[in-house]
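[1] Next input, structure requested:
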Amino acid sequence: MTPDPACLLDLSGEDRFVEPRPGESLCYRRYGTPTKGTALLIAGLGLQLHSWPLPLIEALTGAGFSVLTFDNRDVGRSFRATSPTPNRAQLLFRRLPQGLYRIEDMADDAAALITTLGLTSVHVVGMSMGSIIAQSLAALHPERVQSLTSIFSTTGSSRVGQPALSTIARLALAPPPRSEAEAIADFVRLMRHIGDPRIPGIEEFWRAYAAAAWRRGGAADRGGFLRQIGAILASGDRTVSLAAIRAPTLVIHGDRDRMVHPSGGAATAAAIPDAQFALIPGMRHQFDPRTLPLLSRLILGHLLLSAA
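    Numbers count the residues shown, from 1 in each chain. Prediction:
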């Protein structure tokens, strides 16, 4: 049966705002009642808070966890950074301008959100770039992280986790969209490459996400997208800092990932003491109805064990 994209995405949730620091507003959504704790979900590169699929959120809230999603800086309805915007040549050749913010600054944003909302510690779940942020949050603010789940991410080492050359070319050469229709087409084109277009209904899911993203603030996101890539590159190899993480950690990766090579997931699990590693056969760089039940079971099981 073809899935209804409206059943996979929160397209009409309530956006709330906090301002942990003057002029730096963060947009977030909150779900459920925290009888067992709170899970903070951190989205990936250029992705907005509604990129987290509802079935995963419902699995967590149904088990007694409150769920927080939020827009990282430079995306969606959160604040736009005033730091320099690297151009594509600078990113490709890693000749980065001075003054870029780093992943560590984005981890500080997440820590500030946790503090401002009056929470002591949370279970942190990150995907892709969001996992890099989550890892840095666990390393820099250990008192705020009850458990860590890192999904299709890497350590920052140039020896592991590198995207396929075909993926780099698509990211580097894509011009900024000028309309909602172009934004949808661009997102679907990228996801056909890094995701799995054979999944029934998945393109409708991608289109629904991209349309909502444009309406929430996508027109201003190209500079932010480049600054987020710059933050990843500026943070470099984080292998040493990962060794300082003490939160119970689950690392999840797909063995068909073109965006972050599976070696990145293996290296992440090896770098974090006592981390568990789940390599999912056939999974690419996406959430979809085929893999969501397994992902939800893995994540929920990890949170329940960590909360016990």
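[2] Where do the helices of the stretch 1-150 of the chain begin and end?
    Remark: helices of the stretch 1-150 of the chain, listed N- to C-terminal, are 5-8, 54-62, 88-92, 103-116, 129-140; assignment by DSSP state H, counting those that start in this stretch.
[3] do the stretch 151-300 of the chain as well
    Under the criterion DSSP H, counting those that start in this stretch, helices of the stretch 151-300 of the chain are mapped to 165-173, 180-194, 202-217, 221-235, 239-242, 262-271, 292-307.
[4] which of those helices has the lowest average pLDDT?
    Among the helices of the stretch 151-300 of the chain, helix 165-173 has the lowest mean pLDDT, at a mean of 74.
[5] That one: which residues count as buried?
    By neighbour count with 16 or more other Cβ atoms under 10 Å, helix 165-173 contains the buried residues T167, R170, L171. C-beta here means a position set from N, CA and C on the backbone, and glycine is covered the same way.
[6] quick one: low-confidence ranges for the stretch 1-150 of the chain?
    1-6 (pLDDT under 70).
[7] Show the end-to-end separation of stretch 270-289, please.
    Chord length of stretch 270-289, first to last residue, is 29 Å (Cα to Cα, to the nearest Å).
[8] What residues sit buried inside that stretch?
    Within stretch 270-289, the residues that qualify as buried are 270-272, 275, 277-278, 280, 283-289, counting by 16+ other Cβ under 10 Å.
[9] Turn the buried residues of helix 165-173 into TSV, including distance to A208.
    As requested, the buried residues of helix 165-173 are exported to TSV (distance: Cβ to Cβ, whole Å):
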residue	distance to A208
T167	23
R170	21
L171	22
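[10] And these, which is closest to L303?
    Nearest to L303 among the buried residues of helix 165-173 is T167, at 30.7 Å by Cβ to Cβ.
[11] so what's the closest one closest to, chain neighbours aside?
    What sits nearest to T167 in space, not counting adjacent residues and going by Cβ to Cβ, 6 or more residues apart in numbering, is R258, at 5.1 Å.
[12] what do you get for E104?
    Looking at E104 with Cβ to Cβ, 6+ apart, the closest residue is S136, at 5.3 Å.
[13] List the contacts of stretch 239-251.
    Residues from elsewhere that reach stretch 239-251, judged by Cβ atoms under 8 Å, 6 or more residues apart in numbering: 124, 135-136, 138-140, 142, 145-150, 153, 155-157, 265, 267-269, 271-278, 298-299, 302, 305-306.
[14] before we move on, back to that, make JSON lines from the helices of the stretch 1-150 of the chain and add mean neighbour count and distance to G236 to it.
    Shown next, in JSON lines, are the helices of the stretch 1-150 of the chain (neighbours: other Cβ atoms under 10 Å; distance: least, Cβ to Cβ, whole Å):
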{"stretch": "helix 5-8", "mean neighbour count": "17", "distance to G236": "35"}
{"stretch": "helix 54-62", "mean neighbour count": "19", "distance to G236": "31"}
{"stretch": "helix 88-92", "mean neighbour count": "14", "distance to G236": "14"}
{"stretch": "helix 103-116", "mean neighbour count": "21", "distance to G236": "9"}
{"stretch": "helix 129-140", "mean neighbour count": "27", "distance to G236": "11"}
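[15] which stretch among these comes nearest F79?
    Where the helices of the stretch 1-150 of the chain are weighed against each other on Cβ to Cβ, the nearest is helix 103-116, at 9.0 Å.
[16] Export only the CA atoms of the closest one, formatted as PDB.
    Taking Å, rounded to 0.1, in the frame of the first residue of the first chain, the C-alpha atoms of helix 103-116 are listed here in PDB:
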ATOM      1  CA  ILE A 103      29.600  22.200  15.000                       C
ATOM      2  CA  GLU A 104      30.500  22.900  18.600                       C
ATOM      3  CA  ASP A 105      28.600  26.200  18.400                       C
ATOM      4  CA  MET A 106      25.600  24.300  17.100                       C
ATOM      5  CA  ALA A 107      25.900  21.900  20.000                       C
ATOM      6  CA  ASP A 108      25.900  24.900  22.300                       C
ATOM      7  CA  ASP A 109      22.600  25.900  20.700                       C
ATOM      8  CA  ALA A 110      21.100  22.600  21.600                       C
ATOM      9  CA  ALA A 111      22.500  22.800  25.200                       C
ATOM     10  CA  ALA A 112      21.000  26.300  25.500                       C
ATOM     11  CA  LEU A 113      17.600  25.000  24.300                       C
ATOM     12  CA  ILE A 114      17.700  22.200  26.900                       C
ATOM     13  CA  THR A 115      18.500  24.700  29.600                       C
ATOM     14  CA  THR A 116      16.000  27.400  28.600                       C
END
